[in-house]
Structure formats: structure tokens, C-alpha cells
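Student: would you be able to build a 3D model of this:
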Amino acid sequence: MLSYDVAGDGPDVVLLHPGIGDRRMWDCQWPWLTADHRTVRCDLRGFGQSPVPPEPYQSAGDVLELVDRLGIERAVLVGGSLGGRVALEVAVARSALVAGLVLVSPALPGHAWSEDVSSFGDAEDEALDAGDVDAAVELNLKMWFDGPGRTSAAVDPIRRASVAVMQRRAFELQRAADTEDMEELLVPDLPERLAEITVATVILVGEHDASDFWAIGEQIAATLSNAQFHLLAGTAHVPYYERPEVFRPRARDRARRSDLRPYRGRVALSAGRHVTAMAIVTRVAVGGRRRSDTCPRQFGVHQARYFPQPYFTHGRRSGYPTGSGTRSGGVSSVSRTTGGRA
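Tutor: Down below sits the predicted model:
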């Protein structure tokens, strides 16, 4: 069973984190989402508080087991990178469950990774094989939080340090397992089945993210019948943590359409319209009132409550893990064949 948080009342939203970090990546979204939605976030296997199992597993299958356990019949899925791939698998495997999709730099099996991403994966493997976890963490920060072409001076140093804490935790879990990644896809032919997804979908990719994710985002948007692709200015692979304001619902009053506009190619939007893009898809099952909130730039009290054992989750219900995981970060030699874990 995956470790998870669930809080709030209202339509259901499920948050799926990327392969860098863990469910704390959604800390900045948690206050406003849980204000009027039943919101679930989980640690996929090998991240946060969900350790690596000794047997093969399916991340999408784990998510389906969790939503069944919670009695969720229909939800908007919000997934970043690895979490985006998992959300796509769930949408294909159980279409009736999914009310809408928000995919942020989603990974996709079968993608031919660029030299930049492949070189990153090789360097990460080399650092971990040498036992240099600090170097592996820094490689992930440079690739996924700073983004190719930017330096650490371009990002918030406190949030960057918080991502480092999450990434080091992932490596601790994965190295302690002393086993190869045995994740299997719930939908092995996912790229060939994308057209089966008909729910409203928004695909968001940061302008400073690896170009691979621009290509994947455009491929998915062009294949789905009801999707939009947006390039987010001024952010890289994890905009919901780097620039959380782009996800806040300040423009809900502009999101009253029943469908999204057809895909017309890459579009760069201002931060205000990024919010509208998310509101368009989440309005299918979310709705909600305008909220104002603040997002901590570091874990602070969240970190104190997250790290200790037994696991404590802000006074809300929590699930205790029984196993899970894999090498995280970007793209290891295993993950290149399964669709990427960044």
C-alpha cells in the first residue's frame, strides 16, 4: 500500500508526483485544493514513505488500489513527469474513473531520449554506482529544478534545497532496497492507446525544461481529441513547486467552457493564463471558490511533521506503506525503456 495523505471535502483530485522528489512536491497546492476538494497525494514506490518492494509492481496499479481503498469513483488526476505517465496509464486502464487530466511534463514510454537527457542518466548512474549520493542529487537539481541552460542562480535557493532533501530521501530508499527497479507498466502499449483518452486534458511544459518534454507534450496533445498544450514561461520541470502561483485558481471565473480548444501547436502563455488552463480542466470535477493562500518557501513545519517515524500527516488520515520504489531522478538505464521517471 502506498503512503498517502487525504484531506478536504468535495470533488476528488489525485496528485501524482514526479520522479524527482515525492508527495511534498504538492505542498504549495495542498492548502487551496483541500479547502473545497477531497484531495489525495501519495508517494509512489521508492519515494518519500513508500519503500521499494522485493517483487515486480505497477505504479498505476498501485494508484488504482489506493483510489479503490478510498472509495473514489471519479477524480481529476494531476501528474508531473513520472506521475503524468502514471495518470495516462490510469486514464487508459480505467477511463470511467478519470474526470480530467492535468499533465505537467508527462513522461511517455518509447520516447527516444535526447543526448542531454541520456547523458544525464549515465552521469546519475555513475555517481550512484560510486556511492556519491551528493553528486547524484546535484545532477538531478541541475537537470530538473534549474533546467538545461539555467544555473542555480535562476531559482529560489530555499526551494531548491527542499527538493534536494526529497531527492536524497528517494536515493536512500532505492539504495537500501538492494534490488533492481522492477516496475512494470500497467498499460505496456500506452503510446498506441493514447487516443482512447477523451476527457479534457491540459498539458503544461516549462520553457526551461528539457526539449524532450516539449516533444512529448506536443505528441500527446496532437493525439488526444480534447487536449491543450501550453509552454509555461520562466519555469523548468516542476513548476508547481518552483513557481506555485501558476497553479492557483485566481482565474476560475474565466474557466466556464465545457471543452478545451483544439490543439493548434505550441503556445506560450503568461502566468495568469496558466492558471486558467488548469482551471478549465479541473472545473469538470472540481469547481470551487476563489481562495488566497501562502506557500512556504521551505518545509518548515511541514518538514517537521513529514520526516519523523511513525509517519504523521498534518493531523489527517494517512496510509502506511508496505513497499515500493526504484531509482528516481531523471532517466536511468531501466527507466529509458519504461517511459522515464523524472
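Student: once you drop chain neighbours, what's closest to residue 74?
Tutor: residue 99 (5.0 Å; C-beta to C-beta, 6 or more residues apart in numbering). All C-beta spots, glycine's among them, are computed from the backbone N, C-alpha and C.
Student: now the one you found: how far from residue 107?
Tutor: 22 Å (C-beta to C-beta, to the nearest Å).
Student: between those two, who's got more neighbours?
Tutor: residue 107 (28 against 21; other C-beta atoms under 10 Å).
Student: wait, a strand at that one?
Tutor: No. Applying DSSP: H, G, I helix; E, B strand; the rest coil, one finds residue 107 to be coil, outside a strand.
Student: any idea how far it lies from residue 130?
Tutor: Counting by C-beta to C-beta, the gap from residue 107 to residue 130 is 26 Å.
Student: what are the ranges of the strands in this structure?
Tutor: 3-7, 12-16, 38-43, 75-80, 98-104, 201-206, 227-232, 268-269, 317-319 (DSSP state E).
Student: output the contacting helices and strands for the longest one.
Tutor: The one in question is strand 98-104. strand 75-80, helix 82-93, strand 201-206, helix 271-282 (3 or more C-beta pairs under 8 Å, 6 or more residues apart in numbering; DSSP states H and E).
Student: and if you look at the third one?
Tutor: Other helices and strands packing on strand 38-43, by 3+ C-beta pairs under 8 Å, 6+ apart, are strand 3-7, strand 12-16, helix 30-36, helix 59-69.
Student: tilt between the last one and strand 3-7?
Tutor: Same thing as helix 59-69. Angle of helix 59-69 versus strand 3-7, following axes from the mean of the first three to the mean of the last three C-alpha atoms, to 10 degrees, is 40 degrees.
Student: return helix 59-69 as PDB; C-alpha atoms alone will do.
Tutor: The C-alpha coordinates for helix 59-69 follow below in PDB (Å, rounded to 0.1, in the frame of the first residue of the first chain):
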ATOM      1  CA  SER A  59       2.800   2.300 -10.200                       C
ATOM      2  CA  ALA A  60      -0.500   2.800 -12.000                       C
ATOM      3  CA  GLY A  61      -1.900  -0.400 -10.400                       C
ATOM      4  CA  ASP A  62      -0.800   1.000  -7.000                       C
ATOM      5  CA  VAL A  63      -2.700   4.200  -7.600                       C
ATOM      6  CA  LEU A  64      -5.900   2.300  -8.700                       C
ATOM      7  CA  GLU A  65      -5.600   0.200  -5.500                       C
ATOM      8  CA  LEU A  66      -5.400   3.400  -3.400                       C
ATOM      9  CA  VAL A  67      -8.300   5.100  -5.000                       C
ATOM     10  CA  ASP A  68     -10.400   2.000  -4.600                       C
ATOM     11  CA  ARG A  69      -9.400   1.800  -1.000                       C
END
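Student: so for it, mean pLDDT?
Tutor: Here helix 59-69 scores 98 as its mean pLDDT.
Student: give me the below-cutoff pLDDT ranges for this structure.
Tutor: 178-181, 247-342 (pLDDT under 70).
Student: against the centre of it, work out the most remote residue.
Tutor: Relative to the centre of the chain, and counting by C-alpha atoms, centre = their mean, the farthest-placed residue is residue 130 at 28.3 Å.
Student: show the contacting residues for it.
Tutor: If you count contacts by C-beta atoms under 8 Å, 6 or more residues apart in numbering, residue 130 has none.
Student: how far away is it from residue 68?
Tutor: Residue 130 is 42 Å from residue 68, by C-beta to C-beta.
Student: just residue 236 next, same as before
Tutor: 34 Å.
Student: these two - which one has more neighbours?
Tutor: Neighbour totals were compared for residue 236 and residue 68, and residue 236 leads with 26 against 12 (other C-beta under 10 Å).
Student: how about the nearest residue to the more buried one, chain neighbours excluded?
Tutor: That would be residue 147: by C-beta to C-beta, 6+ apart, it lies 3.0 Å from residue 236.
Student: pretty sure that neighbour contacts residue 238?
Tutor: No. With contact defined as C-beta atoms under 8 Å, residue 147 does not count as touching residue 238 (9.5 Å).
Student: higher neighbour count, these two?
Tutor: Taking neighbours as other C-beta under 10 Å, residue 147 and residue 238 compare with residue 238 leading, 26 against 21.
Student: so the more buried one touches residue 83, yeah?
Tutor: No. Judged on C-beta under 8 Å, residue 238 makes no contact with residue 83 at a distance of 10.5 Å.
Student: quick check: neighbours shared by those two?
Tutor: residue 18.
Student: which stretches of the stretch 151-300 of the chain form helices?
Tutor: Along the stretch 151-300 of the chain, counting by DSSP state H, counting those that start in this stretch, helices occupy 157-177, 190-193, 211-223, 239-242, 271-282.
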